[in-house]
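Colleague: here is a sequence together with a model predicted from it:
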Amino acid sequence: MTPPRPRPQGSRFQANSIDPKALDLDARRVVKRLQRHGHEAYFVGGCVRDLLIGREPKDFDVATSASPSAIRRLFRNGRIIGRRFRLVHIYYGDRICETATFRREPEPRGKDDDLLIREDNEFGTAEEDSRRRDFTVNGLFLNPSTMEVIDYVDGLDDLRDRLLRTIGDPFRRLSEDPVRIMRAVKFATRLDFEIEDETWDAMCEVAPDLRRSAPPRVLEEILRLLRAGTGQGAFRMLWACGALNALLPDHADFIGDYRSHARDQSRESRHFFSLLEALDSRVAQGYEPSMALCMAVLYLPLVLDEMDPDAEDRMGTALDANWREVAWEMIEPLAQRARLSRKEFTRANRLIAMQPGFHKGTVLDPEEKGSRFSPLLFARNEEFDEALDLFGLSAQARGKGRDIFESWVARHRRAMSADEDEVEGEQRRLRKGTRRRRRRSKPKRRRSSE
């Protein structure tokens, strides 16, 4: 007779506050199949945290005692991914249930003082897996079959107190993966949690190590902060703990040293954070900014400052080519480090370079007659919608330009309803205006054969 499996320890309680209907059906199917084949399996991490505080999880992650190869054998729709952290993506249509094997703390590497984790494939128990995670509120397990929550790290107490605390020594935990600093900022601002003092002190100490983190991961976290609707608060926190110097040194130089009071902050920092506040406002209304728009929001204040100290008042005098060149030089280093696709990089560049166009064609004076700028064709540009969104955010941040924004909204409607003859007429006008007069070359005299 097979002896019964040892029952995992840890605090347990029935999650009566969680509605079973809120659980993802595909993720429940994954857990049940693993359990039927004798493996431990639970929901883990952010989905458990969100369910307990009444938020709708964006996704459901599964942790199990089964190895990646064992998971793959049970699910034909599964695919093993990753090197540093091998796990299985189980596909249900266009949705993915991420399933990972329980891990334990990596073995110490001799006398090496470097705590940065480069490989994380040492498997362990559920308790070991819980204790190696980042924050206590993310170390909770939920068994969807019994609706029982398992807590090895006192995460429930911190969840009730709305306190963000690392599991174990904060310096060690953050040094293992400095990107956890950005995750702490994300959770603190998005969930309105207070960061525990020792954890905050460790964040300030470890912040320079963010330079060693993989740039694609860093950019992904930056985009998540901008898309969460709490970008202003998040970037202020990154600024305060010194992380901004490591993540975006050009931006840190631009806004200057950290100042907690608005009256002590520079004009540049006020403009930068006002633009993030405007984006947060739109996100709160359901707006979903693209990667290109997020990048354009980040770099527009720097481009404005580089073009001219008074550029915000005289943007229409700048040439698009100049804006494009300056934006390219500023964004390209980050794009190369983070391996940003050329399509997204170029689109972000174009959104910034189009900003002077919104100040053209708005003053009916003699100089506008015969202009090479066509409001009609400008408003029919492929990137116009997002460029106008960027202009609207900038107008809101600066407190001026709202009337111009609304006039272009109306122009866009008219432009999209224009007939083909009108569009072709504008195209012919521009072609005629840009045609250069060529000097007629004198015909070469033929040498006489005589």
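Modeller: Looks like it came in fine. Numbering: from 1, shown residues only.

Colleague: nearest residue to the middle of this structure?
Modeller: Leu223 (1.2 Å; Cα atoms, centre = their mean).

Colleague: measure it to Ala292 for me?
Modeller: 11 Å (Cβ to Cβ, to the nearest Å). All C-beta spots, glycine's among them, are computed from the backbone N, C-alpha and C.

Colleague: could you do Pro216 as well?
Modeller: 16 Å.

Colleague: quick one: which of those two has more around it?
Modeller: Ala292 (23 against 12; other Cβ atoms under 10 Å).

Colleague: ok, the more buried one - contacts?
Modeller: 344, 347-348, 351, 386 (Cβ atoms under 8 Å, 6 or more residues apart in numbering).

Colleague: which SS class is it?
Modeller: Of the three states, Ala292 takes helix under DSSP: H, G, I helix; E, B strand; the rest coil.

Colleague: can you say which helix or strand has the closest residue to it other than its chain neighbours in it?
Modeller: Leaving aside its sequence neighbours, Ala292 sits nearest to Arg347 (Cβ to Cβ, 6 or more residues apart in numbering; 3.9 Å). Using DSSP states H and E, Arg347 sits within helix 342-353.

Colleague: just checking, what packs against the helix or strand just after that helix?
Modeller: Remark: after helix 342-353, the chain's next helix or strand is helix 375-379, criterion DSSP H and E. Using 3 or more Cβ pairs under 8 Å, 6 or more residues apart in numbering; DSSP states H and E, the elements in contact with helix 375-379 are helix 402-416, helix 420-434.

Colleague: mean pLDDT for the ones you listed: which is lowest?
Modeller: Here those differ in mean pLDDT, and the lowest is helix 420-434 at a mean of 76.

Colleague: before we move on, the earlier item: return the most buried member of the helices and strands packed on helix 375-379.
Modeller: helix 402-416 (a mean of 14; mean count of other Cβ atoms under 10 Å).

Colleague: residues contacting that one, please?
Modeller: Helix 402-416 is contacted from outside by 358-359, 362, 375-377, 379-380, 384-385, 388, 391-392, 395-396, using Cβ under 8 Å, 6+ apart.

Colleague: if you set the cut-off to 10 Å instead, what comes out?
Modeller: Here helix 402-416 makes contact (Cβ atoms under 10 Å, 6 or more residues apart in numbering) with 357-359, 361-362, 374-381, 384-385, 387-389, 391-396, 422-423, 426.

Colleague: the strands in the stretch 151-300 of the chain, which residues?
Modeller: Secondary structure of the stretch 151-300 of the chain, counting by DSSP state E, counting those that start in this stretch: strands at 163-164, 194-195.

Colleague: only alpha carbons, please: show the helix or strand where Arg29 lies as PDB.
Modeller: Per DSSP H and E: Arg29 is located in helix 25-36. Taking Å, rounded to 0.1, in the frame of the first residue of the first chain, the C-alpha atoms of helix 25-36 are listed here in PDB:
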ATOM      1  CA  LEU A  25     -11.600  27.800 -16.100                       C
ATOM      2  CA  ASP A  26      -8.500  26.800 -18.200                       C
ATOM      3  CA  ALA A  27      -6.100  27.400 -15.200                       C
ATOM      4  CA  ARG A  28      -8.400  25.200 -13.000                       C
ATOM      5  CA  ARG A  29      -8.300  22.500 -15.700                       C
ATOM      6  CA  VAL A  30      -4.500  22.600 -15.600                       C
ATOM      7  CA  VAL A  31      -4.400  22.300 -11.700                       C
ATOM      8  CA  LYS A  32      -6.900  19.400 -11.700                       C
ATOM      9  CA  ARG A  33      -5.100  17.400 -14.300                       C
ATOM     10  CA  LEU A  34      -1.800  17.800 -12.400                       C
ATOM     11  CA  GLN A  35      -3.500  16.800  -9.100                       C
ATOM     12  CA  ARG A  36      -5.100  13.800 -10.700                       C
END
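
Colleague: next structured bit after that helix?
Modeller: strand 41-44.

Colleague: which elements pack onto that next one?
Modeller: When contacts are defined as 3 or more Cβ pairs under 10 Å, 6 or more residues apart in numbering; DSSP states H and E, strand 41-44 sits against helix 25-36, strand 61-64, strand 95-101, helix 126-131, strand 140-143, strand 148-151.

Colleague: let's see 8 Å
Modeller: Secondary elements touching strand 41-44 (3+ Cβ pairs under 8 Å, 6+ apart): helix 25-36, strand 61-64, strand 140-143.

Colleague: including mean neighbour count, distance to Gly155 and mean pLDDT, could those go into CSV?
Modeller: Listed next are these as CSV, based on neighbours: other Cβ atoms under 10 Å; distance: least, Cβ to Cβ, whole Å; pLDDT from 0 to 100:
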stretch, mean neighbour count, distance to Gly155, mean pLDDT
helix 25-36, 17, 20, 96
strand 61-64, 24, 14, 96
strand 140-143, 24, 5, 97
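
Colleague: quick one, which of these gets closest to Leu52.
Modeller: Leu52 lies closest, by Cβ to Cβ, to one member of the helices and strands packed on strand 41-44: strand 140-143, at 7.4 Å.

Colleague: check what contacts the closest one and list those residues.
Modeller: Contacts for strand 140-143 (Cβ under 8 Å, 6+ apart): 15, 18, 31, 42-45, 47-49, 51-52, 63, 126, 130, 148-151, 153, 155-156, 159.

Colleague: below-threshold pLDDT in the stretch 351-450 of the chain: ranges please.
Modeller: For the stretch 351-450 of the chain, applying pLDDT under 70 flags the ranges 361-372, 433-450.

Colleague: ok, now the stretch 51-200 of the chain?
Modeller: 84, 106-121.

Colleague: can you list the neighbours in contact with stretch 378-392?
Modeller: Contacts of stretch 378-392 (Cβ under 8 Å, 6+ apart): 282, 287, 289-290, 292-293, 296-297, 300, 347, 350-352, 354-355, 357-358, 360-361, 401, 404-405, 408-409, 411-412, 414-416, 418, 423.

Colleague: that one: end-to-end distance?
Modeller: 16 Å (Cα to Cα, to the nearest Å).

Colleague: thanks again, I'm all set now.
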